[in-house]
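A.B. asks: kindly return the folded structure for what I paste below:
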Amino acid sequence: MSMVNRMLASVGIGAAVVDTKLTESWFKAGGTIEGVIDITGGRVDQHIDDIFIYLMTEYYRKVEDRKVKETHVLGKYKVAESFTVAASERKEIPFTFPLPSDTPLSMGKTPIWLKTALDIKQAIDPTDNDFIKVVPSDIVDRIFKAIEELGFRLRKSECIHVKRHMQRNHPFVQEFEFVPYSGPFRGELDEIELVLYPEKDHAQLLIEVDKRGKGLFGFLEEALDMDERKSMLDISRKETEDVGKLKRIVENHIRSFI
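C.D. replies: Below you'll find the model as predicted:
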């Protein structure tokens, strides 16, 4: 390789190009991501040390009176080790890795994407970003459906930074805000806010019930934020298999805080 070509490669000119192709455009939380990395060699041979895929998202952090957007790595996966790609050569590298059960869902304005990065020494590493749609696991999907059948609808969802005692694997939680537009809680509640901690066979729900204020005492409750009740509810996979029972569990739990 000539000195000129080496210099071109080191600044990313005439270098390898990477394109990540996924088997699907959406994936279930707790499921598996599959795809192929398509690498096309540039004008010179290049040695690639590793290939990593990063699972990425964004969350909001409150800084004084402003909301600041932060980027976060949910997971890092090594999908290939050291090899050389010749000039103009094309390689396909299949990959598969688990999508964590606590991956944020593609609801509201929460983006989730894969960042594929080739590690090439003394060069600008080629990268490729691919946005994906993450849908709820079976357990979470049934919980959402039970909440909807109780007359709630989703008004807002976003990932927000939280204090350490609320964190599990990440510095944020995904908050879901539901309002009652029909059913037994219309006129009784302003909203419920829900945070999910899903696992393989169960899900923990942190529920904040915002009670609609009534009369003078209700007004004082709202003014002092006394109308907000936080509680934790654990729901097993077996309990989600009976829709009627699941609705009763959620309804009774919410009603105990009214």
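A.B. asks: ok, now how distant is the residue nearest to the spatial centre of the chain from Pro98?
C.D. replies: The residue lying closest to the centre of the chain (Cα atoms, centre = their mean) is Pro104, at 1.9 Å. Pro104 sits 16 Å away from Pro98, going by Cβ to Cβ, to the nearest Å. Yep, even glycine has a C-beta here, placed from its N, CA and C like the rest.
A.B. asks: where does the prediction get shaky in the stretch 1-150 of the chain?
C.D. replies: In the predicted model, the stretch 1-150 of the chain carries pLDDT under 70 at residues 1-14, 120-126.
A.B. asks: show me the strands in it, by range?
C.D. replies: Secondary structure of the stretch 1-150 of the chain (DSSP state E, counting those that start in this stretch): strands located at 17-22, 26-28, 32-40, 46-48, 50-63, 66-80, 83-85, 90-98, 112-119, 127-135.
A.B. asks: dump the last one to CSV, restricted to CA.
C.D. replies: Provided in CSV are the C-alpha atoms of strand 127-135 (Å, rounded to 0.1, in the frame of the first residue of the first chain):
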residue,chain,number,x,y,z
THR,A,127,-20.6,3.7,11.7
ASP,A,128,-24.2,3.0,10.8
ASN,A,129,-27.4,3.9,12.7
ASP,A,130,-30.7,2.0,12.3
PHE,A,131,-33.8,3.0,14.1
ILE,A,132,-36.0,0.2,15.3
LYS,A,133,-39.5,-0.1,16.8
VAL,A,134,-39.7,-1.9,20.1
VAL,A,135,-43.1,-3.3,21.1
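A.B. asks: now for that strand, which elements pack on it?
C.D. replies: Applying 3 or more Cβ pairs under 8 Å, 6 or more residues apart in numbering; DSSP states H and E, we find strand 127-135 packed against strand 17-22, strand 26-28, strand 112-119.
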